[in-house]
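Peer 1: pasting the sequence and the predicted model now:
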Amino acid sequence: MMTGIWKKGLALSLALAMALSFAGCGGTEETLTVGTSADYPPYEFIQLDAEGNETIVGADIELAKIIAEKLGMKMELKNMSFDGLLGGLAEGKFDMVIAGLTVDPKRKVLFSDNYNTREQTVIIKAADADQYTGLKDLEGKKVAGQSGTVQQTLAEEYAGETATAIQQFPDMIMMLKAGKLDAMIADDDVAQIYIQANDDLMAAPIQIDYENADVAIAFQQDDQELCDKVNAVLAELKEDGTIDGLMADAQALAGQIEKENASKTE
């Protein structure tokens, strides 16, 4: 029978051996779980290869990869509908959400520093150009915003009871082109991709004054430590122009893909 001293010695030896074993193989890399909704170019969208395989790409995706790398973590990307992202974050399904998020104070999350800013655009059919000159022209019209977004709130504010929420952004574009919607509200950098690729769409000469123009990453409310680490990375990437480059590259790629998609439906 082993004495207490022998038992403690054996336990310490085993613990040391396990520690050395993990150290020898580099240990386990911590995972950064990232939630997104891949239907919002240039921030996140789907690219198909020659065999039809899907890859999630976009400025946000590349930014998340860089953040994970600089934090020494492995990124795990989870894609879902936008209107479920912040609820999933609160439930602990993600460490952070990056999805072209507007910094809306009504959202019960912890926001990072901003990494982009934008304005709001009303997209209409070019044939209806003379019908829309101001916000009052949206009243009573079928105006859509993506479900769970600031644009849904704005559509409801300006159109009233006839406003509607659509889950997927590309579906709104198709519905507008088909005459099932009168107008839709979108962030200007997203809107321009679709307007430039579709000759039958245009930006209405309507200005929406909305004070929350910043775009940021969302964290759980009590995760200040991760937020601070990401803010340090964002500051570096803004300073050296990396984020501007990511946005420009994603804008160009998204525009090319949407033009190809538009040409297939003509």
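Peer 2: Thanks, I have it.
Peer 1: CA atoms of whatever helix or strand A252 lives in as PDB?
Peer 2: For A252, the element it lies in under DSSP states H and E is helix 242-265. Listed next in PDB are the C-alpha coordinates belonging to helix 242-265 (Å, rounded to 0.1, in the frame of the first residue of the first chain):
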ATOM      1  CA  THR A 242      -5.800  47.800 -43.500                       C
ATOM      2  CA  ILE A 243      -9.500  48.300 -42.900                       C
ATOM      3  CA  ASP A 244      -9.900  50.700 -45.800                       C
ATOM      4  CA  GLY A 245      -8.200  48.200 -48.000                       C
ATOM      5  CA  LEU A 246     -10.400  45.400 -46.900                       C
ATOM      6  CA  MET A 247     -13.600  47.500 -47.600                       C
ATOM      7  CA  ALA A 248     -12.300  48.500 -51.100                       C
ATOM      8  CA  ASP A 249     -11.400  44.900 -52.100                       C
ATOM      9  CA  ALA A 250     -14.800  43.600 -50.800                       C
ATOM     10  CA  GLN A 251     -16.700  46.400 -52.500                       C
ATOM     11  CA  ALA A 252     -15.100  45.500 -55.900                       C
ATOM     12  CA  LEU A 253     -15.600  41.700 -55.500                       C
ATOM     13  CA  ALA A 254     -19.300  42.200 -54.400                       C
ATOM     14  CA  GLY A 255     -19.900  44.500 -57.300                       C
ATOM     15  CA  GLN A 256     -18.500  42.000 -59.800                       C
ATOM     16  CA  ILE A 257     -20.600  39.100 -58.300                       C
ATOM     17  CA  GLU A 258     -23.800  41.200 -58.300                       C
ATOM     18  CA  LYS A 259     -23.300  42.300 -61.900                       C
ATOM     19  CA  GLU A 260     -22.900  38.700 -62.900                       C
ATOM     20  CA  ASN A 261     -26.100  37.700 -61.000                       C
ATOM     21  CA  ALA A 262     -28.000  40.600 -62.500                       C
ATOM     22  CA  SER A 263     -27.000  39.600 -66.000                       C
ATOM     23  CA  LYS A 264     -28.300  36.100 -65.500                       C
ATOM     24  CA  THR A 265     -31.800  37.400 -64.700                       C
END
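Peer 1: what is that helix packed up against?
Peer 2: Packed against helix 242-265 by the contact rule (3 or more Cβ pairs under 8 Å, 6 or more residues apart in numbering; DSSP states H and E) you find strand 45-48, helix 59-70, helix 188-197, helix 224-239. Placement of C-beta: from N, CA and C, glycine included.
Peer 1: so what's the residue count around Q256?
Peer 2: Neighbour count for Q256, taken as other Cβ atoms under 10 Å: 13.
Peer 1: how near is it to L48?
Peer 2: According to Cβ to Cβ, to the nearest Å, Q256 and L48 sit 12 Å apart.
Peer 1: remind me which residues of the protein are low pLDDT?
Peer 2: Low-confidence segments of the chain, defined by pLDDT under 70: 1-28, 266.
Peer 1: how about the residue sitting nearest the centre point of it, secondary structure?
Peer 2: For the chain, the residue sitting closest to the mean C-alpha position, by Cα atoms, centre = their mean, is A99 at 1.0 Å. Of the three states, A99 takes strand under DSSP: H, G, I helix; E, B strand; the rest coil.
Peer 1: can you give me phi and psi for F111?
Peer 2: phi -100, psi 140 (degrees, to the nearest 10).
Peer 1: element containing the residue nearest to it when sequence neighbours are not counted?
Peer 2: Closest residue to F111 apart from its sequence neighbours, by Cβ to Cβ, 6 or more residues apart in numbering: A216 at 4.3 Å. If you go by DSSP H and E, A216 is part of strand 214-219.
Peer 1: now T33
Peer 2: For T33, the element it lies in under DSSP H and E is strand 31-36.
Peer 1: tell me what that strand is packed against?
Peer 2: Counting contacts by 3+ Cβ pairs under 8 Å, 6+ apart, strand 31-36 packs against helix 59-70, strand 74-79, helix 85-90, strand 96-102.
Peer 1: who are the packing partners of the longest one?
Peer 2: Read that as helix 59-70. Counting contacts by 3+ Cβ pairs under 8 Å, 6+ apart, helix 59-70 packs against strand 31-36, strand 74-79, strand 96-102, helix 224-239, helix 242-265.
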